[in-house]
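**Q** take a look and give me a structure for this.
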Amino acid sequence: MPAHPSRRASALGEFFSGVGLLFRGFRIWATAPRLMLLGMIPAAIVGALAIAAVIVLVVNIESIATAATPFAREWNDFAQAATEFAAGLAVLIASFFVIVNTYTTVTLMVGDVFYRMIAAHVDTMHGAPPAHDTQGFWRDLRRGIVEGIRVLLPTVGLAILLLVLGFIPLAGGFIAATAGALMGGWLLVVELSNIPFESRGLHLTARRRVLRAARARSLGLGAATYLVFLIPLGAVFAMPAALAGATLLTRSVLGEDGSPSERGASTTAAEQPPDN
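**A** Okay, here's the model as predicted:
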């Protein structure tokens, strides 16, 4: 049975509400420009490596596409060229998917201290969450690295899926690009929200569960961030804002900006036992 129109409208509204969180994150530049500049430092360092990888990929994409389509060498010129173009586009989409998500994970690891400061600043502006006991810097850092790797691991399988989608005749590139933005956006938002969730004593299993409960809003922030990250140097400038936006999303999905009843419902969802 098709979804009720009001539900579709509600989901669309939630999606664009998530997109708006990224723009609210950019507005943090006005309140803490020095802090946001600090957030750009690790983004620029890791970004230089990511840009180098993209340049190598683009320079060699023609030979990669040719090597990936040996079956088309006996076809006529038009069919061969179209197949190689589709292959090259599919490889680019899948590679950008891996590069963007790897970039985010590594940048958050390198700039952990700076991004915690940004998240704390956002919380201070909107009302700090209840304090929780940390287990020590090194233990928290180790957990963050492990969880980052757990979030990153699915990118390989999903990149292969995007590569396959890219070969669908005519619409393959569009389908793969759209799927990449949504899947990449989801992985991004799960990774970006690590720091604000961890500061509340909530880790990966609880984080995924709470974000799934607000999937459209979470996807809005994630997909918008993913698309901005595809812009040359966009990831460097947007990384601090994306972290600020993820902190705002965390507050939103946990009901910290809502009524006591909303906060209670969100806390109950986060405290449910892990999935089997």
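**Q** phi, psi of Leu233?
**A** phi 70, psi 0 (degrees, to the nearest 10).
**Q** now do the contacts for it.
**A** Gly47 (CB atoms under 8 Å, 6 or more residues apart in numbering). All C-beta spots, glycine's among them, are computed from the backbone N, C-alpha and C.
**Q** Ala90 now?
**A** 162-167, 172-173, 176.
**Q** please repeat the previous calculation with a cut-off of 6 Å.
**A** 163, 166-167, 176 (CB atoms under 6 Å, 6 or more residues apart in numbering).
**Q** pull the most distant pair out of those residues.
**A** For these, the farthest-apart pair by CB to CB is Phe167 and Ala176; their separation is 8.7 Å.
**Q** more neighbours: which of the two?
**A** Ala176 (25 against 16; other CB atoms under 10 Å).
**Q** surely the more buried one touches Leu163?
**A** No: counting by CB atoms under 6 Å, Leu163 is not a contact partner of Ala176; they are 7.7 Å apart.
**Q** can you map out the strands along the stretch 51-200 of the chain?
**A** In the stretch 51-200 of the chain, no strands are defined using DSSP state E, counting those that start in this stretch.
**Q** could you look up the SS state of Gly255?
**A** With DSSP: H, G, I helix; E, B strand; the rest coil as the basis, Gly255 sits in coil.
**Q** distance of it relative to Leu211?
**A** 14 Å (CB to CB, to the nearest Å).
**Q** next, the closest residue to Trp29 other than its chain neighbours: phi, psi?
**A** Counting by CB to CB, 6 or more residues apart in numbering, Met36 is the residue found nearest to Trp29 once chain neighbours are left out, at 5.0 Å. Backbone torsions for Met36, taken as degrees, to the nearest 10, come to phi -70, psi -30.
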